[in-house]
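[1] The following comprises the amino acid sequence and a computationally predicted model.
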Amino acid sequence: MDHSLKPLQCKCMYYLFEFSVGWFVVLQSSFLWGYLVSPIAGGVLVDHYGGKVVMAWGVALWSLATFLTPWASQTSLLALLTVRALLGVAEGVALPSMNNMVVR
């Protein structure tokens, strides 16, 4: 549901928080910053700990980041950028974990 509601989220956040267009683009891309590195790190972790353990931690971090998003949006832009990047890190380990679980 995170990506399917992106157009509505963008419009609401743009008017609610009155970010400049530049900061708004940085905010939207912060998810990808975390997602950029986590599949590689996730693959290494999956090889060492197994897919189920890494997936469980990924889902836990994913849930925590989703839970903290409203708080971060009211706190500061830096907090929101950090939580969005954490969400990307947590989602990035899903693919290596699922690949490992399917193979075994």
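    In hand now; what should we look at? Numbering: from 1, shown residues only.

[2] Excluding sequence neighbours, find me the nearest residue to Trp33.
    Ala85 (5.1 Å; CB to CB, 6 or more residues apart in numbering). Where C-beta positions appear, they are placed from N, C-alpha and C, glycine not excepted.

[3] List the contacts of Leu68.
    Val83, Leu86 (CB atoms under 8 Å, 6 or more residues apart in numbering).

[4] what helix or strand is it on?
    Applying DSSP states H and E as the criterion places Leu68 in helix 51-75.

[5] tell me the mean pLDDT for that helix?
    Across helix 51-75, the average pLDDT comes to 92.

[6] List the buried residues in it.
    Gly51, Val54, Met55, Trp57, Gly58, Leu61, Trp62, Ala65, Leu68, Thr69, Ala72, Ser73 (16 or more other CB atoms under 10 Å).

[7] out of those, who's nearest Val44?
    Closest approach to Val44 among those (CB to CB): Val54, at 9.6 Å.

[8] Leu32: what's it in contact with?
    Gly88.

[9] try 10 Å
    Arg84, Ala85, Gly88, Gly92 (CB atoms under 10 Å, 6 or more residues apart in numbering).

[10] Please tell me which one of those residues counts the most neighbours.
    Gly92 (24 neighbours; other CB atoms under 10 Å).

[11] tell me the contacts of the closest residue in space to that one that isn't next to it in sequence?
    Using CB to CB, 6+ apart and skipping the chain neighbours, the partner closest in space to Gly92 is Ser38 (2.8 Å). By CB under 10 Å, 6+ apart, Ser38 lies in contact with 45, 58, 61, 85-86, 88-96.

[12] Then Ser30?
    Applying CB under 10 Å, 6+ apart, the residues near Ser30 are Leu77, Leu80, Leu81, Thr82, Val83, Arg84, Ala85, Leu86, Leu87, Gly88.
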